[in-house]
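Novice: sequence and predicted structure, then a few things I'm wondering about:
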Amino acid sequence: MVTTLIGHIDSDCFYVSCERIRSYSLRGVPCGVLGNQGACVIAKSYELKAYGVKTGHPIWEAKKLCPHAVFVKRDFRWYEVISRRLLDLLKTVSPLVEYYSIDEMFFDASELQRYFRLPLKAATRALQTLVQEQVGVPVSIGIAPSRTLAKLGSDAAKPFGVQIIERDCEPFLRSQPVGELCGIGSRSERKLRDRNIHTCWDYRQADRLLIRNLLTIKGEALWWELRGDAVNPIQTTRPPHKAIARGGSCGGKTMDADRIRAWAVRNIERLIEALDHHRVYARHISLQIDANKTALWLGRTPLAVPSASFRTIYDAVMPMLATAPTTYPVSHMHIIAENLTWRDRIQKSLFFEDAQSPLDQIKRDINQKLGRFAIRSAETLPLHEIYHDATHNYDICDISGKMCF
Amino acid sequence: MCTGITIAWRDIPTRLIQKHQLDERIIQRSATADKEILFMQRHRQPLLPVFYQGELRILPWGNRQRHSNAPLAWWCEVATLESGAWSMYHPEPVEILANFGLERGVWFQIREGIQGAIIHDQHEQPCIYMLLQPASHYYQVMTGYHREPVFLGEQI
């Protein structure tokens, strides 16, 4: 479906706003949401931001910058509830909605005026008020002919603003550095700066083939989008995953072999849950180990047949783990399933074990009935403090249907 | 150990604010934030808001007077209580009401409150002791302290 107007709705300090819905006392308070270990600020209110606290700051720095700030434990189950409320509300207003991330959504805005029976700007304001009243979170909204312009608009309108961007929007694009574009990272920004492209307007005015040579077809798509041509459509369902990864921080640096193995097994079990959810099997398994961002080690093992069996994936991961260097303490670990194949499209074999054993199915059935990790491998016992804390059992990657992290 | 708590000013009845001169303890974290009443263990007259015998009361936090036979402390370990070491004082459970707690310079949110124990000394004067337990991994990383209060209805 071709849309003439695309909207981007972006929640302002989403995690803090979610906490403020259920806790009135947090309103107006400089507030930070801490990560799963309680060490890092993963989200902050505008009041806390004013003191110079940034996302990723450790708490011991944040408390020095703002001694009266209040810190809250993250709760992704609650954030998902609010996120889906926002999604459901948006679906009543728009025929096409893309669940881009937990706090961002794209939608077809061409019916907005008719729905609210108001001019576009007033209708956008009405939508913002509706979200505030019914969901309880403040949002910023950008409306434009393309999603790139709409996202630029909502980012520029923050906090709690709306921005309507026309196809001809030279003053606005001149005010936006090219690094603000979604998809332009620091390396791409450097390449563009070398060609004297500093603002979004410079990018739009640059030669299309130059952009394509510099930043491939994705860069060219941005070039078209900045001119108001919607080449990236709204996607209402998530395209199939090319790879699925589970992992993250190991709860601080560790050289304890038992804890490292325990983290590997925990990540394998989480990965199998994800493979079950998406109804796919993996043909390759990779293990990535990060030693405090100073050393990166990556191993890759092909599986004899596509599989989502604990035993098969365990047998692939553990030899890789055994050969990983042990000179640095491990801080992060990821286990990645690649070359995914749909479960109903694999060739049955007489000579290899099934893609999932009866034990895997029993484990899944019990955990679905009694709760996540009710049954888990005994090798995860060294992580008793992680399993003891229920908030560790639900992470942002467990929220399904989003386009990106 | 938790050395301070705050509770929303609007949650405390005016008569209690006047009776205990709580106006001097009012703080506000920002111009748009609610007013809070601060209860610190270091205060010259440490107090705690508690829900006891069906009503909200403001009672002394711990005991620092040697002439009283109540324990000279502000906190009580759950393990100590369970061992029966305080049974001679006939402690009763009490709910300490709080919105935010302070531990080693870190303010954290408290959803429902903190479990406490109330003891009456030989003059029938009440003392409130905050119950402590070994800290969770999260609490320990957040505050850097190895003991945490016993929270009502949640685990931080």
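Specialist: Done, it's in.
Novice: return the residues of the stretch 51-200 of chain A in contact with chain B.
Specialist: By CB under 8 Å from any CB of the partner chain, the part of the stretch 51-200 of chain A that sits against chain B consists of A:59-60, A:63, A:67-73. Yep, even glycine has a C-beta here, placed from its N, CA and C like the rest.
Novice: what does chain B put close to chain A?
Specialist: Counting by CB under 8 Å from any CB, chain B comes close to chain A at B:8, B:27, B:29-34, B:36, B:99-100, B:105-109, B:111, B:136-142, B:144, B:155-156.
Novice: what about residue B:86, neighbour count?
Specialist: Counted with other CB atoms under 10 Å in any protein chain shown, residues neighbouring residue B:86 total 19.
Novice: please point out which parts of stretch A:310-326 sit buried.
Specialist: Neighbour-count burial for stretch A:310-326 flags A:310, A:312-314, A:316-318, A:320-321, A:324 (criterion: 16 or more other CB atoms under 10 Å in any protein chain shown).
Novice: hey, which strand is longest across chain B?
Specialist: strand B:126-134 (DSSP state E).
Novice: just the buried residues of the helix or strand of chain B with the lowest mean pLDDT, please?
Specialist: Counting by mean pLDDT, DSSP states H and E, chain B has its least confident helix or strand at helix B:137-143, which shows a mean of 91. Within helix B:137-143, the residues that qualify as buried by neighbour count (16+ other CB under 10 Å) are B:137-143.
Novice: what's the answer for stretch A:135-142, then?
Specialist: Going through stretch A:135-142 with 16+ other CB under 10 Å, the ones that come out buried are A:135, A:137-142.
Novice: what comes into contact with it?
Specialist: Outside of stretch A:135-142, the residues within contact range by CB atoms under 8 Å, 6 or more residues apart in numbering or on different chains are A:7-12, A:14, A:17-18, A:20-21, A:82, A:85-86, A:89, A:124, A:127-128, A:131-132, A:149-165.
Novice: what packs against whatever helix or strand comes next after the least confident helix or strand of chain B?
Specialist: Heading C-terminal from helix B:137-143, the first helix or strand you meet, by DSSP states H and E, is strand B:147-149. In terms of contacts (3 or more CB pairs under 8 Å, 6 or more residues apart in numbering or on different chains; DSSP states H and E), strand B:147-149 is packed against strand B:126-134.
Novice: outside of the strand it packs on, which residues touch it?
Specialist: In this structure, residues lying in contact with strand B:126-134 by CB under 8 Å, 6+ apart are B:1-2, B:48, B:50, B:52, B:59-63, B:68, B:70-71, B:73-79, B:81, B:91, B:94, B:96, B:114-121, B:146-150.
Novice: repeat that for stretch A:245-258.
Specialist: For stretch A:245-258, contacts defined as CB under 8 Å, 6+ apart pick out A:35-37, A:39, A:259-260, A:263, A:267, A:270-271, A:274, A:288, A:291-292, A:326, A:329-337, A:382-383, A:385-386, A:395, A:397, B:137, B:141.
Novice: try 6 Å
Specialist: Contacts of stretch A:245-258 with the rest of the structure, by CB atoms under 6 Å, 6 or more residues apart in numbering or on different chains, involve A:37, A:263, A:267, A:270-271, A:292, A:329-336, A:382.
Novice: related to what we said a few turns ago, of the contacts of stretch A:135-142, which belong to strands?
Specialist: Filtering these for membership in strands, criterion DSSP E, returns A:7-11, A:162-164.
Novice: pull the most distant pair out of the residues you listed.
Specialist: Within the ones in strands among the contacts of stretch A:135-142, two members stand farthest from each other by CB to CB: A:11 and A:164, at 19.3 Å.
Novice: okay, those two: which has more neighbours?
Specialist: In this comparison of residue A:11 against residue A:164, neighbours counted by other CB under 10 Å, the higher total goes to residue A:11 at 26 against 20.
Novice: contacts only, for that one.
Specialist: Contact criterion CB under 6 Å, 6+ apart gives A:103, A:137, A:139 as the residues in contact with residue A:11.
Novice: how far away is the last one from residue A:6?
Specialist: Look at residue A:139 and residue A:6: by CB to CB, to the nearest Å, they are 16 Å apart.
Novice: thinking again about what came up before, closest one of the ones in strands among the contacts of stretch A:135-142 to chain B?
Specialist: residue A:11 (18.9 Å; CB to the nearest CB).
Novice: the residue lying closest to that closest one once chain neighbours are set aside: how many residues sit nearby?
Specialist: The shortest distance from residue A:11 to any residue that is not its chain neighbour, by CB to CB, 6 or more residues apart in numbering or on different chains, is 4.0 Å, and that residue is residue A:103. Burial of residue A:103, expressed as a neighbour count using other CB under 10 Å, amounts to 22.
Novice: Three-state assignment for the closest residue to chain B within the stretch 151-300 of chain A, please.
Specialist: Residue nearest to chain B within the stretch 151-300 of chain A: residue A:251 (7.4 Å; CB to the nearest CB). Here residue A:251 takes the strand state, with states given by DSSP: H, G, I helix; E, B strand; the rest coil.
Novice: that one: neighbour count?
Specialist: A total of 19 residues lie near residue A:251 under the criterion other CB under 10 Å.
Novice: which pLDDT value belongs to it?
Specialist: In the prediction, the pLDDT value recorded for residue A:251 is 80.
Novice: now residue A:106: closest residue in space that isn't a chain neighbour?
Specialist: The spatial neighbour of residue A:106 that comes closest, neighbours along the chain excluded (CB to CB, 6+ apart), is residue A:98 at 4.2 Å.
Novice: that neighbour contacts residue A:234, doesn't it?
Specialist: Yes: here residue A:98 lies in contact with residue A:234, judged by CB atoms under 6 Å, at a distance of 4.7 Å.
Novice: so between these two, which is more surrounded?
Specialist: Under the criterion of other CB under 10 Å, the comparison of residue A:98 against residue A:234 puts residue A:98 first, with 25 against 20.
Novice: element containing that one, please.
Specialist: Taking DSSP H and E as the criterion, the element that holds residue A:98 is strand A:97-101.
Novice: now do that strand: distance to the chain's middle.
Specialist: In terms of CA atoms, centre = their mean, to the nearest Å, the centre of strand A:97-101 is found 11 Å from the chain centre.
Novice: one more: stretch A:340-354?
Specialist: Distance of stretch A:340-354 from its chain centroid, counting by CA atoms, centre = their mean, is 31 Å.
Novice: ditto for stretch A:389-402
Specialist: With CA atoms, centre = their mean as the basis, stretch A:389-402 stands 11 Å off its chain's centre.
Novice: repeat for stretch A:142-151
Specialist: That offset, for stretch A:142-151, works out to 20 Å (CA atoms, centre = their mean).
Novice: now that stretch: average pLDDT?
Specialist: Taken as a whole, stretch A:142-151 has a mean pLDDT of 95.
Novice: that one spans what distance, first to last residue?
Specialist: 6 Å (CA to CA, to the nearest Å).
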